[in-house]
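*Asks:* Got a sequence here, can you build the structure:
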Amino acid sequence: MNMMKVIVVPMHPEGRKFVAIFAAITAALWLVWEPLFWMGVGMTVWCYYFFRDPVRSVAQKPGLILSPADGVVSLITKKVPPVEMLLGDKPLTRVSVFMNVFNCHVNRAPMAGEVIAITYHHGKFVNASLDKASEHNERNSITIEAADKTRIGVTQIAGLVARRIVCFTKLGNGLSVGERFGLIRFGSRLDVFLPEGIEPAVGLGQTAVAGETILAHLGGINEEWPIQSV
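*Replies:* Here you go, the predicted model:
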């Protein structure tokens, strides 16, 4: 094992300016008081790891829906999706993954397909672990349609500390499973609306890893599938 790859994790470009700001403040603190300088060093390292973008081993078998985020499965409920997500008017299973400030915040596509809808909503910044956050918080919703017309919805939800949702993809773009499509700064949540009749393969409190943890199976379960590092 190459230990440098374990310790020195790649950082997403979105984090560069934040790490630079933390580092500049830390350098200034050296002139003020040495203990503050070392606190600044710790915060700079934390900022670097917050924006880390590790390589993931993404299963390539059709029919798998993967977690779009690192975190904990905080809610599994039945909800009628917002009309703008183009997912119909029936209640669907919604799986929520809550990210704290120590999780990796790079978001990955849970399924391969075309982006057929993107809707951004301004809103509040209540605790993202609460159910009402999906309706009241600032959020960005994306609908992905697979080649067989199966659709899923993914919503990036800002949290109590988060103040910036970043979406890298655009309407009409194609996404591969596990592909990076967005990022939320400093604590947040992602919701996934599963297709009608599909039950989750995860449970409440389970730790999820973006691009690796299987949220649901659209077809039969097969334990053998190709893996791609992305």
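*Asks:* I'd like the next helix or strand past the lowest-mean-pLDDT helix or strand in the chain.
*Replies:* In the chain, no helix or strand scores lower on mean pLDDT, DSSP states H and E than helix 3-7, which sits at a mean of 44. Per DSSP states H and E, the first helix or strand lying C-terminal to helix 3-7 is helix 16-32.
*Asks:* quick one: the helices in the protein?
*Replies:* 3-7, 16-32, 34-50, 133-136 (DSSP state H).
*Asks:* Single out the most deeply packed of these.
*Replies:* helix 133-136 (a mean of 19; mean count of other C-beta atoms under 10 Å). For glycine as for every other residue, the C-beta is placed from the backbone atoms N, C-alpha and C.
*Asks:* Under the pLDDT cut-off, which ranges of this structure? List them.
*Replies:* 1-8, 124-134, 136, 160-163, 187, 220-225 (pLDDT under 70).
*Asks:* can you do 90?
*Replies:* The model of the chain has pLDDT under 90 over residues 1-18, 31-32, 46-51, 59-63, 100-102, 105, 121-138, 158-165, 184-188, 218-230.
*Asks:* my guess is Tyr120 contacts Asn140, does it?
*Replies:* Yes. With contact defined as C-beta atoms under 8 Å, Tyr120 reaches Asn140; the gap is 4.9 Å.
*Asks:* The two - which one has more neighbours?
*Replies:* Of the pair Tyr120 and Asn140, Asn140 is the one with more neighbours under other C-beta atoms under 10 Å, namely 19 against 13.
*Asks:* right, and the more buried one touches Thr169 too?
*Replies:* No. Contact between Asn140 and Thr169 fails when scored by C-beta under 8 Å: they sit 10.4 Å apart.
*Asks:* who touches both of these two?
*Replies:* 118, 182 (C-beta atoms under 8 Å, 6 or more residues apart in numbering).
*Asks:* check contacts around Glu156.
*Replies:* Just so we're on the same page, residue 156 is Gln rather than Glu. 107, 139-142, 165, 167, 182, 184, 188, 190.
*Asks:* ditto for Lys79
*Replies:* Contacts of Lys79 by C-beta under 8 Å, 6+ apart are 91-92, 94, 134, 193.
*Asks:* Identify the bridge partners of it.
*Replies:* Taking DSSP bridges as the rule, Lys79 bridges to Leu92.
*Asks:* before we move on, what about Asp191?
*Replies:* Ser96, Thr155.
*Asks:* Now for Glu179: which residues touch it?
*Replies:* By C-beta under 8 Å, 6+ apart, the neighbours of Glu179 are 108-109, 230.
*Asks:* May I ask you to confirm that Met111 is in contact with Ile152?
*Replies:* Yes. Using C-beta under 8 Å, Met111 makes contact with Ile152 at a distance of 5.5 Å.
*Asks:* what's the overlap in contacts for these two?
*Replies:* 65, 144.
*Asks:* ok, and the closest non-adjacent residue to Leu75?
*Replies:* Ser96 (3.9 Å; C-beta to C-beta, 6 or more residues apart in numbering).
*Asks:* and if you look at Gly174?
*Replies:* Glu114 (5.4 Å).
*Asks:* Any idea how many residues pack against that neighbour?
*Replies:* 15.
*Asks:* contacting residues for it?
*Replies:* 144-145, 172-175.
*Asks:* And for Ser67?
*Replies:* 97, 108, 110, 192, 202, 208-215.
*Asks:* and if we set it to 10 Å?
*Replies:* By C-beta atoms under 10 Å, 6 or more residues apart in numbering, the residues touching Ser67 are 73, 95, 97, 107-108, 110, 178, 190, 192, 202, 206-215.
*Asks:* roughly how far apart are it and Phe102?
*Replies:* With the distance defined as C-beta to C-beta, to the nearest Å, Ser67 ends up 17 Å from Phe102.
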